[in-house]
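Colleague: A structural model of the following input is requested.
(2 chains)
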Amino acid sequence: MSPVASTVTPAAVPPQLRAKRRKSALRTLGFLSPWLIGFSVFFAYPLIATVYFSFMKYDGFADPTWVGLRNWKYVFQDSPFFWPALTNTAWLILVMVTLRVAFGLGIGLLITKIKTGAGVFRTLFYLPYLAPPVAATMAFVFLLNPGTGPTNTILAKLGLGTPDWFNDAAWSKPSLTLLALWGIGDLMVIFMASLLDVPKEQYEAAELDGANAWHRFRYVTLPNISPIVLFAVITGMIATMQYYTEPLVAGKVASGVIGGSGQQFEPGYPDKSTLTMPQVIYNLGFQRFDTGAACVVALVLFTLAMVCTGILMRRRSGFMSAED
Amino acid sequence: MTRTMKMSRTSQTLSRGALHWIAVHALAVAASLFFVLPFLFVFLTAVMSDDQALTRDLWPRTWEWGNFGTVWETPGFLTWWRNTLLYAGLGTVLAVCSSLPVAYALAKFRFRGRNVMMMVVIAAMMLPPQVIIVPMYLFWAKQLDLAGTLWPLIIPFAFGNAFTIFLLRQFLLTIPKEYTEAARIDGCGELRTLLRVVVPMAKPAIAASALFHFFYCWNDYFGPQIYASENPGAWTLSYGLESFKGAHQTDWNLTMAATVLVMAPVIVVFFFAQKAFVEGVTLTGVKG
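Modeller: All right, here's what the predicted structure looks like:
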């Protein structure tokens, strides 16, 4: 402690104030205590353990042994799943997230323009977002199944092509994208709210200047809602990195290899095209009992997600600010 | 002369307005088809007979309402329901009760490290659950011998949930300081201020965060797969639904009937709590 500080505290502080401060510190601690415990036990500890295990060989039974960087080398050089999962994630971020943001903005715009029955349309557009992911995925695998699926029945009647959707490696990610667009409700509501917040005067001013609809969108709407677009893109990226239930269930149901049928499901059906990072973690950690390699993939996922979160916190300072 | 010009101009804007109305509503109807048709086809298939479900027919020849009964009476289905309600119900009560004081402190107390604390909450909220699942599973399975139950999913909610904390805090920030200060001057302790003054004002936010949490648990597939898959007695609807498909490989009608029964409760709850829900979504993204 520096001598300057020691002259100010604690001797200069009257004992009553000190007691009061201690009381308020204890009170704060008390209110925060659930989370302090929760964070330490359910986040900090397992995160440290993940780093530890990434340097260990451990199958869940024999004692862990130090293997240095061998797990890292295995994941980056030899794992048949890691790179396909990463490239699939990149594809999904580029195509699925982009389309979801564009579609969400489009539907949000549409909702703000509807004069008659806006409430009904809003509910209809929002409902699919609520469908439990397993149920929604199951529904889409049925709707798009090449055998009896209504989609291909209708496409054939219209004389259009009938792809194999979830059963074709080239179509499986577009099929997942379709499913993700169906559940656009969250982005719709967020965009709708932000569109209604754009000051009316700006539109009126632009109109007086002779701006057409596109110009009004480009020079008034877009600058006003750009923070929300950024929010949607980054949270969409993070959600895509942890994309798990939909691709896994789609792969299982489309391939017919589901728990109980006796076969072990090889993730990513068809042909690793729906493989994502969490599936690799599950496969390594819970099917192959290779704890070390699973933790390496987990740390890659962690790093990518935290980079995105960092960007979000910097750009959206409103997340952090508080009254004083 | 001027009058006719004026007249034609109003009729012009009127017809332009009418065209605009037609274009917007035609687009809205087209979009509705995309959102509604999947539900419709799932439902139509759910009430088809076994034979017809094997064909390409879109419309049921006979309406087999009994399919829902068949699903309902499938061994395990009621257990999955009970387990899901336990996970979602108890999990939600615990998460809201334990997160509220934390959110209140983060919104209303001044203390050193508050911003760091808030950053930690956001980071935890954004952290993919799969990142820490391996050591977490080892902890619950090896140290506490709770694999094969839903307790590893429920117990952590008694210690705050990052998303619930975040959502509640965003709302509590909007409560003017005057209210809490008035209570303090009246001699209320912080806990009483929270319970008597803040909670009644925060009811919509509490309802929204409870709903979100309930739906999160209801929809969760990863958690039950990790901890409960080894014990069918602990399966939830989301996890059980998949195995249902496994047991009825070709019977799309029964699988779709089961899908309808898993979707229905969420949609019913939504109709009763629509307002709270939409408020909650905007709170996460727009406000703050």
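
Colleague: Only C-alpha atoms from now on, for both contacts and neighbour counts.
Modeller: Will do.

Colleague: nearest residue to B:R82 other than its sequence neighbours?
Modeller: The shortest distance from B:R82 to any residue that is not its chain neighbour, by CA to CA, 6 or more residues apart in numbering or on different chains, is 7.9 Å, and that residue is B:T236.

Colleague: ok, the one you found to chain A distance?
Modeller: Using CA to the nearest CA, to the nearest Å, we find B:T236 at a distance of 11 Å from chain A.

Colleague: List the contacts of A:A131.
Modeller: When contacts are counted by CA atoms under 8 Å, 6 or more residues apart in numbering or on different chains, A:A131 is found next to B:M263, B:V266, B:I267.

Colleague: Rebuild those as JSON lines, extending it with distance to A:V297.
Modeller: JSON lines is the format used below for the contacts of A:A131 (distance: CA to CA, whole Å):
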{"residue": "B:M263", "distance to A:V297": "33"}
{"residue": "B:V266", "distance to A:V297": "34"}
{"residue": "B:I267", "distance to A:V297": "36"}
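
Colleague: Tabulate those residues (TSV), appending distance to chain A.
Modeller: Shown next, in TSV, are the contacts of A:A131 (distance: CA to the nearest CA, whole Å):
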residue	distance to chain A
B:M263	6
B:V266	7
B:I267	7
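
Colleague: So which of those residues are in helices?
Modeller: When those are checked against helices using DSSP state H, the ones located there are B:M263, B:V266, B:I267.

Colleague: which of those count as buried?
Modeller: B:M263, B:V266, B:I267 (16 or more other CA atoms under 10 Å in any protein chain shown).

Colleague: The most centrally placed residue in chain A and chain B, how far apart?
Modeller: The residue lying closest to the centre of chain A (CA atoms, centre = their mean) is A:A239, at 0.8 Å. Counting by CA to the nearest CA, the gap between A:A239 and chain B amounts to 8 Å.

Colleague: And A:T235, by the same measure?
Modeller: A:T235 is 8 Å from chain B, where distance means CA to the nearest CA.

Colleague: buried sites along the helix or strand where that residue lies?
Modeller: Under the assignment given by DSSP states H and E, the secondary-structure element containing A:T235 is helix A:222-241. For helix A:222-241, burial by neighbour count (16+ other CA under 10 Å) applies to A:222, A:224-225, A:227-241.

Colleague: contact partners of it?
Modeller: A:89, A:92-93, A:97-98, A:101, A:187, A:190-191, A:194-195, A:198, A:276-278, A:301, A:305, A:308-309, A:312, A:315-316, B:126, B:128, B:285-286.

Colleague: Now do the helix or strand following it: distance to the chain's middle.
Modeller: From helix A:222-241 onward toward the C-terminus, using DSSP H and E, the following helix or strand is helix A:245-255. Mean-position distance between helix A:245-255 and its chain equals 18 Å (CA atoms, centre = their mean, to the nearest Å).

Colleague: Give the rounded mean pLDDT of helix A:245-255.
Modeller: Averaging pLDDT along helix A:245-255 gives 94.

Colleague: Same check on stretch B:63-75?
Modeller: Per-residue scores along stretch B:63-75 average to 91.

Colleague: pull the CA atoms of that stretch into CSV?
Modeller: Extracted in CSV, the C-alpha atoms of stretch B:63-75 (Å, rounded to 0.1, in the frame of the first residue of the first chain):
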residue,chain,number,x,y,z
TRP,B,63,-59.8,-38.4,-40.1
GLU,B,64,-58.1,-40.6,-37.6
TRP,B,65,-58.3,-38.6,-34.4
GLY,B,66,-57.3,-41.8,-32.5
ASN,B,67,-53.7,-41.3,-33.6
PHE,B,68,-53.3,-38.7,-30.9
GLY,B,69,-54.7,-41.2,-28.3
THR,B,70,-52.3,-43.9,-29.7
VAL,B,71,-49.3,-41.5,-29.1
TRP,B,72,-50.6,-40.5,-25.7
GLU,B,73,-50.8,-44.1,-24.6
THR,B,74,-47.4,-45.0,-25.9
PRO,B,75,-45.3,-46.3,-23.0
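
Colleague: Give the buried residues for it.
Modeller: For stretch B:63-75, a neighbour-count test (16+ other CA under 10 Å) marks B:E64, B:N67, B:F68, B:V71, B:W72 as buried.

Colleague: Could you check that stretch against chain A for contacts?
Modeller: No - using CA under 8 Å from any CA of the partner chain, no contact is recorded between stretch B:63-75 and chain A, whose separation bottoms out at 14.4 Å.

Colleague: give me the element residue 180 is part of.
Modeller: As the question left the chain open, I've gone with chain A. Following DSSP H and E, one finds A:A180 within helix A:172-182.

Colleague: nope, chain B
Modeller: Under the criterion of DSSP H and E, B:T180 resides in helix B:177-185.

Colleague: what is the mean pLDDT for that helix?
Modeller: Summarised as a single mean, pLDDT over helix B:177-185 is 84.

Colleague: which other helices and strands contact that helix?
Modeller: In terms of contact count using 3 or more CA pairs under 8 Å, 6 or more residues apart in numbering or on different chains; DSSP states H and E, helix B:177-185 is assigned no packing partners among helices or strands.

Colleague: next helix or strand past it?
Modeller: Moving toward the C-terminus from helix B:177-185, the first helix or strand encountered (DSSP H and E) is helix B:190-192.

Colleague: Can you give the contact residues for that next one?
Modeller: Residues outside helix B:190-192 that contact it (CA under 8 Å, 6+ apart): B:R184.

Colleague: Try it again at 7 Å.
Modeller: Where contact means CA atoms under 7 Å, 6 or more residues apart in numbering or on different chains, no residue beyond helix B:190-192 reaches it.

Colleague: is chain A contacted by the helix or strand just after that helix?
Modeller: Scanning forward in sequence from helix B:190-192, with DSSP H and E defining helices and strands, the next element found is helix B:199-201. No - using CA under 7 Å from any CA of the partner chain as the criterion, no contacts between helix B:199-201 and chain A are found, and the smallest distance is 14.8 Å.

Colleague: So what's the gap between helix B:199-201 and the chain middle?
Modeller: 22 Å.

Colleague: Now that helix: buried residues?
Modeller: For helix B:199-201, the neighbour count (16+ other CA under 10 Å) marks B:V199, B:M201 as buried.

Colleague: That one - contacts with which helices or strands?
Modeller: Contact here means 3 or more CA pairs under 7 Å, 6 or more residues apart in numbering or on different chains; DSSP states H and E; on that basis helix B:199-201 packs against no helix or strand.
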